[in-house]
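In: please work out how this folds:
(one chain, ligands or ions: 2)
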Amino acid sequence: MTTAAIIVAAGRGTRAGGGVPKQWRPLAGRRVADWTLERFATPQIGYVVLVLNPEDRDAWKEFAQTPLILAPGGDDRAGSVQNGLAALDGLGITKVLIHDVARPCVSKDTIRAVLDALDSHPGAAPGLAVTDALWTGAEGLVTGTRDRDGLFAAQTPQGFRYDAIVAAHAAHPGAAADDVEVARAAGLTVAIVPGDPDNLKITRAEDFARAERILRQDMDVRLGNGYDVHRFGPGDHVILCGIKVPHDRGLQGHSDADVGMHAVTDALYGALAEGDIGRHFPPSDPQWKGAASEIFLRHAVDLVRARGFTVSNIDCTLVCEYPKIGPHAIAMQKEMARIMGLEATRISVKATTSERLGFTGRGEGIAALATACLVKP
Ligand SMILES: Nc1ccn([C@@H]2O[C@H](COP(=O)(O)OP(=O)(O)OP(=O)(O)O)[C@@H](O)[C@H]2O)c(=O)n1
Ligand SMILES: C[C@](O)(CO)[C@H](O)COP(=O)(O)O
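Out: Numbering: from 1, shown residues only. Ligands and ions are numbered 1, 2, ... in the order given. Predicted coordinates:
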């Protein structure tokens, strides 16, 4: 049985405003679309189709590098779904889930419930029973009441047997509120599985704050700190945060003595309770003699990802009188961001003197402190 998910992400998010379509706007440290895609990254789902608006050129380029199948958006939601279904043609799909990118808080339990219900029904979708009284209204006045019994608020993912929903869409060329409407018009029965109040659709500007609260309540946030010192010795440059800085002395160490990168690497290991660089790259091992510290940082970042975390941000402070760090700080920030595969805005590199006090003040060496923040949704 091969299961696929289609994430429709070609809308413009006009009701949410904000200048950028809502799926590309930041939410709790990532973009809305990243949260949504992460929810469908499960072994139960063999293929994920991301339906993109042809105008979103950066997204096309970015996601071309991933295992996602990309499909172009249609003029309306139903058109986008049809293009997503077509992209799965010939792959032997039996069950398909169709989900709004604008519902980033969907739980894996909801996804599982829809998939399980498809074992006994051709369609299934989460619905929330309406609990509030219902009115009709006009011009700010209540004009009547409606019976709420048997009414549900429709959510996604809406799941279907693949061949049945392809045929249903082909027979329903016009607009539709959702895929359940399309399926029912074709005579398919659709089971209601319990909806989740947290599975909101970000529709208006104020929905971002609620979605952020929901996502943050389940987040695992870890902090780590790192501290390192290297003494000066003979040389004509130092390597700091991956950048070669001319100086009348060099830093001594078993590796390239990049004290800033070592502090950052130790902060990452610390956040994972994984010891420090020495545990992973023992100084007694000759293969690390003169090694580029990039190797250590990459190892720590890979470990972070393997544990399911992402690096939210890094703050690194170098302590020395000389060399002056300011002219190189941006290059250091960019280099660390490149190595870590992060946006440069998530990395801070700054410096301070120790007012000529202590070993850094006497110019005997450089110290570095770093803090890392990791998050797991
Ligand atoms: N032509 C379209 C229109 C909508 N969608 C997607 O369908 C879902 C419907 O949610 P909605 O809140 O209506 O999204 P938008 O159409 O982006 O919002 P708006 O109506 O405010 O512009 C969203 O995931 C949206 O990206 C789509 O893929 N293709
Ligand atoms: C499919 C849907 O999410 C079900 O609630 C919804 O109908 C799509 O969004 P819209 O706001 O109705 O366009």
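In: for the stretch 201-350 of the chain, what lies in contact range of ligand 1?
Out: 201, 203 (C-beta under 6 Å from any ligand atom). Quick note: C-beta positions are derived from backbone N, CA and C, even for glycine.
In: which regions of the stretch 201-350 of the chain lie under the pLDDT threshold?
Out: For the stretch 201-350 of the chain, applying pLDDT under 70 flags no range at all.
In: for it, what spans make up the strands?
Out: With DSSP state E, counting those that start in this stretch, the ranges of strands along the stretch 201-350 of the chain come out as 220-233, 237-240, 243-246, 250-251, 310-319, 347-352.
In: in the chain, which residue sits closest to ligand 2?
Out: Nearest residue of the chain to ligand 2: Asp178, at 3.6 Å (C-beta to the nearest ligand atom).
In: count the neighbours of that residue for me.
Out: By other C-beta atoms under 10 Å, the residues close to Asp178 number 17.
In: quick check, pLDDT for it.
Out: Per-residue pLDDT puts Asp178 at 97.
In: ok, His73 - contacts?
Out: Let me fix one detail, which is that residue 73 is Gly and not His. Neighbour list for Gly73: 8-11, 51-54, 79-80, 83 [criterion: C-beta atoms under 8 Å, 6 or more residues apart in numbering].
In: where's it relative to Ala300, distance?
Out: 39 Å (C-beta to C-beta, to the nearest Å).
In: name the element the one residue in the chain that gets nearest to ligand 1 belongs to?
Out: Closest approach between the chain and ligand 1, counting by C-beta to the nearest ligand atom: Gly11, at 2.1 Å. Under DSSP states H and E, no helix or strand contains Gly11.
In: what of Ser120?
Out: Under DSSP H and E, no helix or strand contains Ser120.
In: quick one, what contacts it?
Out: Ala191.
In: which bits of the stretch 1-150 of the chain sit near ligand 1?
Out: 8-16, 23, 51, 73-77, 80, 100-102.
In: would you list the buried entries among the contacts of Gly73?
Out: The neighbour-count test (16 or more other C-beta atoms under 10 Å) marks 8-11, 51-53, 79-80, 83 as buried among those.
In: and which of those residues is nearest Gly275?
Out: Nearest to Gly275 among these is Ala9, at 40.7 Å by C-beta to C-beta.
In: which residues does that closest one bridge with?
Out: Leu52 (DSSP bridges).
In: and the furthest pair within the contacts of Gly73?
Out: Val8 and Pro54 (14.1 Å).
In: in contact with the closest residue to Gly73 other than its chain neighbours, which residues?
Out: Setting aside the residues directly before and after it, Gly73 is nearest to Ala10 in space (C-beta to C-beta, 6 or more residues apart in numbering), at 2.2 Å. Neighbouring residues of Ala10 by C-beta under 8 Å, 6+ apart: 51-53, 56, 72-74, 80.
In: just Leu52 next, same as before
Out: With C-beta under 8 Å, 6+ apart, Leu52 has these contacts: 9-10, 59-60, 63, 70-73.
In: mind pulling up the pLDDT for it?
Out: In this model, Leu52 carries a pLDDT of 98.
In: near ligand 2, which residues of the stretch 51-200 of the chain? Just list them.
Out: Contact residues (C-beta under 6 Å from any ligand atom) of the stretch 51-200 of the chain with ligand 2: 77, 100, 154-156, 177-178.
In: state the mean pLDDT of the helix or strand hosting Ala167.
Out: Taking DSSP H and E as the criterion, Ala167 maps to helix 162-170. In this model, helix 162-170 carries a mean pLDDT of 98.
In: and that helix, what does it pack against?
Out: Packing partners of helix 162-170 (3 or more C-beta pairs under 8 Å, 6 or more residues apart in numbering; DSSP states H and E): helix 77-87, strand 93-100, helix 179-185.
In: residues in contact with it: which ones?
Out: Residues from elsewhere that reach helix 162-170, judged by C-beta under 8 Å, 6+ apart: 4, 78, 81-82, 85, 88, 93-96, 98, 122-123, 160, 179, 182-183, 185-186, 188.
In: ok now that helix, how far from the chain's centre?
Out: The chain centroid and the centroid of helix 162-170 are separated by 31 Å under C-alpha atoms, centre = their mean, to the nearest Å.
In: got the buried residues for that helix?
Out: If you call a residue buried by 16+ other C-beta under 10 Å, then helix 162-170 has these buried ones: 162, 164-166, 168-169.
In: could you pull up the residues touching Ile93?
Out: So Ile93 contacts 2-4, 46-47, 162 (C-beta under 8 Å, 6+ apart).
In: check what pLDDT Gly73 gets.
Out: Confidence at Gly73, expressed as pLDDT, is 97.
In: any idea which element Thr145 lies in?
Out: strand 141-146.
In: buried set for that strand?
Out: For strand 141-146, it's none, nothing buried (16+ other C-beta under 10 Å).
In: on contacts alone, who are the packing partners of that strand?
Out: For strand 141-146, the elements it packs on are strand 134-138, judged by 3+ C-beta pairs under 8 Å, 6+ apart.
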